[in-house]
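> Quick one, structure for this:
(2 chains)
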Amino acid sequence: MHAVLAPSFTSADFWAIAPVTFLVFCGLAVLLLDAFFPRREHEWLAYLSIASLLLTGALASWLQGCASREALSGMLLTDPLSHFAVLTLLVAAALSCISSLGYLREMRADRAEYYGLLLLCTAGAMLMVQAGDLVMIFLGLETMSIALYVLVAMRPDNRLSTEASLKYFLLGAFTSALLLFGMALVYGGSGGQTNLGEILATLQSSSAGTSPVVLIAGAILVLLGFLFKVAVVPFHMWAPDVYLGAPTNVTAFMATGVKAAAFVVLLRLVGLSSAMTVFRGHLADVLWVLAALSMTVGNLVALQQTSVKRMLAYSSITHAGYMLVGVLTFLTSSGELATRGTGSVLFYLVAYVLMNLGAFGVVALLGREGEEGDNLQCFKGLSRNRPLVALAMAVLMFSLAGIPPSAGFMGKFYLFAAGLKAGYVWLVVLALLNSAISVFYYLRVVMLMYMQQPEGEYRKAETCQVCASCGLALTSLGVVLLGILPGGFLHYALESARSLLP
Amino acid sequence: MSWLPELQHYVLLATALFFIGLIGVLTRRNAIVIFMSIELMLNAANLCFVAFSRYLGSPVGHLFSFMVMVVAACEVAVGLAIIVLIFRERRSVNVDDVNIMRW
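Numbering: from 1, shown residues only, chains lettered A, B, ... in the order given. As a prediction, this is how the structure comes out:
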């Protein structure tokens, strides 16, 4: 029971944390290398970071074959879901590294700390998605968040960046405090358990020494904390400002990697909550309302934005609403349907990660001489000046709007099909209506790129953009590929989802 | 007869501290005071952990509260740096002044 008092560290434990440890060492190495070999340009550190992210992914996949389901006395879960989430995170981090190659220099913010902190932040997120214990969830979340507070302020001379950093910091710390108090109550209410598996066992046996009221109060606070993190209406106020103010490559990682990590943990926690039969029905009602609100409010406000970054921020709130449909399906159904709900959320998460990384990557490509290229004006006539970039952006916008054949369409299809099967007809109807509305603001960007004349002279970038363009090509190809041949990947997502069920 | 506090007293105290912190975050406008209120909420959680740990005879709560202290220290380091950055730029740490972007 009290595994902490009798620590045993076996070689299996070592291999389970090897990928995270490797990434942390790489992050520290990047910081130290810059201290010992200072150069004016830090592109070599970017290549090093990308290489270390890819190596971590390879290491994680290689070790996955021989791993048991949990390690470090249940602190770390090494199930297929963890592996899926870890790979998604690493892809997100690597692609935002690629998109930062020219962008940071163009923004006069080319610092080595960016790469070191990004690696440490990814390591924190990896710990969070693998966590099998409340302690680990909290530590992973904080490792990730504290690195992010600094990353958001990566342009200290820019007022928007510092302002975003302060807002993110205050809201983030407040959220962690809510979460932590919730964890304390769950710990007390479950009779002294912090391990997710043991909490589940306590819930199912409802043994003496547990207090359902305290437990439910704690669960509400913990879920509230994560709903803040995934930016669902009405807990979304911070997201547009922070996404707008942060440097675009950091926004790309925040909107994708961090959100994916928070969603995976949310799925694990919702899985726990579904064992509390009293609580489950109420939670489902609340999530229904939140999903409906997120879709509608996010969409309606996104319609009025003139900044593409802010528009994407509101659209990410909308997408969180869509994904809640899958979470709801998972919460209220059992067996194969629950797996389908979770699997569709995972599939959509990957589609969402690719689409947003690409879209923010395009915004990063348009940044010039310390100015962001996020205004809608910057997209006017882009097809004349940068035909390939415009094509990639068009593909990504079509996918975000959910037009076939794209990953966004397939993702929505699986999500809503699972939702319909679970009986959420009205919610799915609302989601479909919202998808139709969202076509307007996504296609407005495409229209500006292809049907309008460029305004003024096109300013060439000072920096080489080959790498960033390759990253863009990768994401748009991925989006199309997932749209045409989703079968194999869906199977993988479902297999990963299966590990959530007991 | 000496009076000994029971578990529920500790939990009540922790809840009171938590809500004082919560009200502070929601009503105060000075970034440093907001931050102090957040620290109060973290300490309420710590008190809760330690009390539960003592009364339930499970050592994990003690461990958790140590972790929280470490994390809170890290947060102070980063948070104060951000607040200093804001102050240098605007000569104010009032969150109402930090509003180029609307909330």
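
> Give me the neighbour count for residue 23.
You didn't pick a chain, so chain A it is. 28 (other Cβ atoms under 10 Å in any protein chain shown). In this view, the C-beta of every residue, glycine as well, is placed from N, C-alpha and C.

> Let me rephrase: I mean chain B.
Around B:Ile23 there are 11 residues (other Cβ under 10 Å).

> can you confirm it is in a helix?
Yes. The assignment for B:Ile23 is a helix, going by DSSP: H, G, I helix; E, B strand; the rest coil.

> Can you tell me how far it is from chain A?
According to Cβ to the nearest Cβ, to the nearest Å, B:Ile23 stands 12 Å off from chain A.

> Now do the contacts for that residue.
Contact partners of B:Ile23, counting by Cβ atoms under 8 Å, 6 or more residues apart in numbering or on different chains, are B:Ser37.

> Before we move on, what's the pLDDT of it?
On the pLDDT scale, B:Ile23 is placed at 95.

> where's the residue of chain A at minimum distance from chain B relative to A:Leu215, distance?
Closest residue of chain A to chain B, Cβ to the nearest Cβ: A:Gly192 (3.2 Å). With distances taken as Cβ to Cβ, to the nearest Å, A:Gly192 is found 12 Å from A:Leu215.

> Do you have the helices of chain B handy? List them.
Here chain B has its helices, by DSSP state H, at B:7-27, B:31-56, B:60-90.

> ranking these by burial, who's on top?
helix B:31-56 (a mean of 21; mean count of other Cβ atoms under 10 Å in any protein chain shown).

> Just list what that one packs against, helices and strands only.
Here helix B:31-56 touches helix A:159-189, helix B:7-27, helix B:60-90, going by 3 or more Cβ pairs under 8 Å, 6 or more residues apart in numbering or on different chains; DSSP states H and E.

> could you dump those helices to CSV with distance to A:Val301?
As requested, the helices and strands packed on helix B:31-56 are exported to CSV (distance: least, Cβ to Cβ, whole Å):
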stretch, distance to A:Val301
helix A:159-189, 17
helix B:7-27, 23
helix B:60-90, 26
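
> A:Leu148 is in contact with A:Gly257, isn't it?
No. Assessed by Cβ atoms under 8 Å, A:Leu148 is found out of contact with A:Gly257, at 9.9 Å.

> Angles on the backbone of A:Arg368, please.
phi -130, psi 130 (degrees, to the nearest 10).

> Show me what it bridges to in the sheet.
A:Glu371 (DSSP bridges).

> Would you agree it is in contact with A:Glu106?
Yes. The criterion here is Cβ under 8 Å, and A:Arg368 meets it with A:Glu106 at 6.2 Å.

> what residues are up against the residue of chain A closest to chain B?
A:209, B:52-53, B:56-58, B:60-61.

> And it, what's its pLDDT?
Per the predicted model, pLDDT is 88 at A:Gly192.

> Helix, strand, or coil at it?
coil.

> so A:Cys378 makes contact with A:Leu366?
Yes. Counting by Cβ under 8 Å, A:Cys378 touches A:Leu366, with 5.0 Å between them.

> And the strands in chain A, which stretches?
A:70-71, A:76-77 (DSSP state E).

> The closest residue to A:Ala401 other than its chain neighbours: neighbouring residues, count only.
Computed as Cβ to Cβ, 6 or more residues apart in numbering or on different chains, the closest residue to A:Ala401 that is not its neighbour in sequence is A:Tyr442, at 4.1 Å. Applying other Cβ under 10 Å, we find 24 residues neighbouring A:Tyr442.

> try A:Phe174
Applying other Cβ under 10 Å, we find 22 residues neighbouring A:Phe174.

> Could you list the low-pLDDT ranges of chain B?
Where chain B drops to pLDDT under 70, the residues are B:1, B:100-103.

> residue of it with the smallest distance to chain A?
For chain B, Cβ to the nearest Cβ, closest residue to chain A: B:Ser58, 3.2 Å.

> Check the gap between the residue nearest to A:Ser316 when sequence neighbours are not counted and A:Tyr168 for me.
In space, A:Ser316 comes closest to A:Ala255 once its chain neighbours are excluded; the distance is 5.1 Å by Cβ to Cβ, 6+ apart. A:Ala255 is 13 Å from A:Tyr168, where distance means Cβ to Cβ.

> So between these two, which is more surrounded?
A:Ala255 (29 against 25).

> need the contact list for the residue nearest to A:Ser316.
Taking Cβ under 8 Å, 6+ apart as the test, what A:Ala255 contacts is A:243, A:312-313, A:316, A:356, A:360.

> can you rerun that using 7 Å?
Applying Cβ atoms under 7 Å, 6 or more residues apart in numbering or on different chains to A:Ala255 gives the contacts A:243, A:312, A:316, A:356, A:360.
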